[in-house]
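[1] Okay, structure incoming, though there's no sequence with it:
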């Protein structure tokens, strides 16, 4: 998705991408942030967004922050004609890339290649979940623990919680062996385990997760194996 209040610029970027990349790339252009947001809020999930910082009277950075609540891992490349804004962009948002106007097509292609590389590298590191009628991808490494309650699973990350109508068993099937089932209602990411006992797992954020009696032996075994693997044993 490309958004610039000058639709000619958006269409120009679209034409550059389409002419340089022969594979089938679907590109949508927008001239207002509202149009872009409506597409995303209506369950369209882009693989990347190219967004002008100043779109009409809107602040593109704030709009991107709002959008990121729905698609937290989608790369965002900002466009700007004002170099003085560049530092604030990286402090306040940390985008995937920054293009200044007039558009340098080689830099544009560099970022598109970077996006392709990002998806090729991380395709096995993300998990897709359905939340509030929209499918999003979450980096598995950012999931601290899973909590099941009333036919729903809450994925707890450092910054947010994502809720999905799913059984915990089925949620675990989408993950890998770095996640440990410790209770009928809980599973934890081993990389966030600080300590454990017969009744609890202590996470590095000081959150305590219950360990059921039936899971304790497996918890003990897998935590020891994980810690040993980290030091090469």
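    Received, thanks. Nothing here was measured: the structure is a model prediction, and the numbers come from that model.
[2] Mark out where each domain of this structure begins and ends.
    2-122, 127-230 (automatic domain parsing).
[3] residues touching the residue nearest to residue 199 when sequence neighbours are not counted, list them.
    Nearest residue to residue 199 in three dimensions, chain neighbours excluded: residue 211, at 5.8 Å (C-beta to C-beta, 6 or more residues apart in numbering). Any C-beta I mention is one placed from the backbone N, CA and C, and that applies to glycine too. When contacts are counted by C-beta atoms under 8 Å, 6 or more residues apart in numbering, residue 211 is found next to 182, 183, 196, 197, 198, 199, 200, 201, 219.
[4] Now, the residues you listed that are in strands?
    In strands, defined here by DSSP state E, the members of the contacts of residue 211 are 182, 183, 196, 200, 201.
[5] before we move on, which element is the residue nearest to the last one when sequence neighbours are not counted in?
    Of all residues not flanking residue 201 in the chain, residue 209 sits nearest, at 4.5 Å (C-beta to C-beta, 6+ apart). When secondary structure is defined using DSSP states H and E, the element that contains residue 209 is strand 208-210.
[6] swap in residue 74?
    Counting by DSSP H and E, residue 74 is found in no helix or strand.
[7] In the protein, where's the longest helix?
    For the chain, the longest helix by residue count, based on DSSP state H, is helix 105-122.
[8] The following helix or strand past it packs against which elements?
    Of the helices and strands lying after helix 105-122 in sequence (DSSP H and E), the nearest is strand 126-131. On a contact count with 3 or more C-beta pairs under 8 Å, 6 or more residues apart in numbering; DSSP states H and E, strand 126-131 meets strand 134-139, strand 161-165.
[9] May I have the strands that pair with the last one, each with its orientation?
    Just to be clear, that refers to strand 161-165. strand 152-157 (antiparallel) (DSSP bridges).
[10] Taking strand 134-139 as reference, get the angle to the strand it pairs with.
    Here strand 152-157 runs at an angle of 40 degrees relative to strand 134-139 (axes from the mean of the first three to the mean of the last three C-alpha atoms, to 10 degrees).
[11] And the contacts of strand 152-157?
    By C-beta under 8 Å, 6+ apart, strand 152-157 touches 129, 138, 142-148, 161-168, 171.
[12] Direction-wise, compare it with strand 126-131 and give the angle.
    Going by the same axes, to 10 degrees, strand 152-157 makes 130 degrees with strand 126-131.
[13] Kindly state the pLDDT recorded for the residue nearest to residue 190 when sequence neighbours are not counted?
    Using C-beta to C-beta, 6+ apart and skipping the chain neighbours, the partner closest in space to residue 190 is residue 226 (4.5 Å). Residue 226 is assigned a predicted lDDT (pLDDT) of 83.
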